[in-house]
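Peer 1: What follows is a protein structure lacking sequence information:
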């Protein structure tokens with residue numbers, strides 16, 4: 001149950017993030033931006049540090065999480081009935097980019113989260129996005145496919161974001177075409193895998209790898225990266 005303290009902390013978090021976004025285009029997700037956000041909001045820096053222990057890095061991750069939440073809200077209101085599943089995936093990725101209100105904030109965040117010391121945070125953020133997409137679209141896999149679906153979409157999403165950051169086409173049409181091509185590539189690879197699995201001449205050679213893959217289950221906890229191995233019961 002939420003308390004008044006939780007509500008106050010959430011409001012402060014939102015205020016700090018909104019204030020920071022005014023400075024990010026000029027100063028990036030930096031300590032300068034963090035301190036400016038505190039000053040703009042009149043929030044004591046000790047309190048702000050308690051909410052965002054790593055300062056601007058945690059602000060950048062909060063901004064990414066906000067985008068995920070807005071994407072899920074749109075997915076919940078859009079009627080995707082009748083679309084092929086690959087088109088639903090494409091729509092979800094497009095929604096995630098369309099909820100961005102400041103491309104420069106994403107550009108600066110991408111630069112920050114690819115630094116060696118924050119690369120793990122960046123990978124976790126992307127994994128969280130694609131996991132949210134698969135979960136929202138009703139993915140029920142509980143085996144190795146849970147991982148491969150998210151790994152494939154992570155690659156597609158990352159490539160699409162990088163393309164989108166440099167895209168100046170009308171309404172980002174070039175990005176959406178690029179996204180469709182990347183998803184087509186994944187679908188072609190999945191088709192090839194199915195053909196290999198169905199080939200009777202290859203079954204003896206695939207028995208060992210298939211057995212090993214069958215032991216991998218989806219993670220029990222949902223806050224790890226990319227998941228955990230759990231034995232079959």
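Peer 2: Everything's here; your move. Computed from a predicted model, the values in this text were never measured in an experiment.

Peer 1: Need phi/psi at the residue nearest the centre of the chain.
Peer 2: Centroid-nearest residue in the chain: residue 129, 2.3 Å away (criterion: Cα atoms, centre = their mean). Dihedral pair for residue 129: phi -60, psi -50, per degrees, to the nearest 10.

Peer 1: need the contact list for the closest residue to it other than its chain neighbours.
Peer 2: The shortest distance from residue 129 to any non-neighbouring residue, by Cβ to Cβ, 6 or more residues apart in numbering, is to residue 68 (5.4 Å). All C-beta atoms are positioned from the backbone trio N, CA, C, and that covers glycine. By Cβ atoms under 8 Å, 6 or more residues apart in numbering, the residues touching residue 68 are 96, 128, 129, 132.

Peer 1: could you dump the residues you listed to TSV with pLDDT?
Peer 2: Output for the contacts of residue 68, formatted as TSV (pLDDT from 0 to 100):
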residue	pLDDT
96	98
128	97
129	98
132	97
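
Peer 1: Closest one to residue 161 out of these, please.
Peer 2: Nearest to residue 161 among the contacts of residue 68: residue 96, at 8.8 Å, using Cβ to Cβ.

Peer 1: before we move on, back to that, among the contacts of residue 68, which are in helices?
Peer 2: Judged by DSSP state H, the subset of the contacts of residue 68 located in helices is 96, 128, 129, 132.

Peer 1: gap between the third one and residue 100?
Peer 2: Here residue 129 is placed at a distance of 12 Å from residue 100 (Cβ to Cβ, to the nearest Å).
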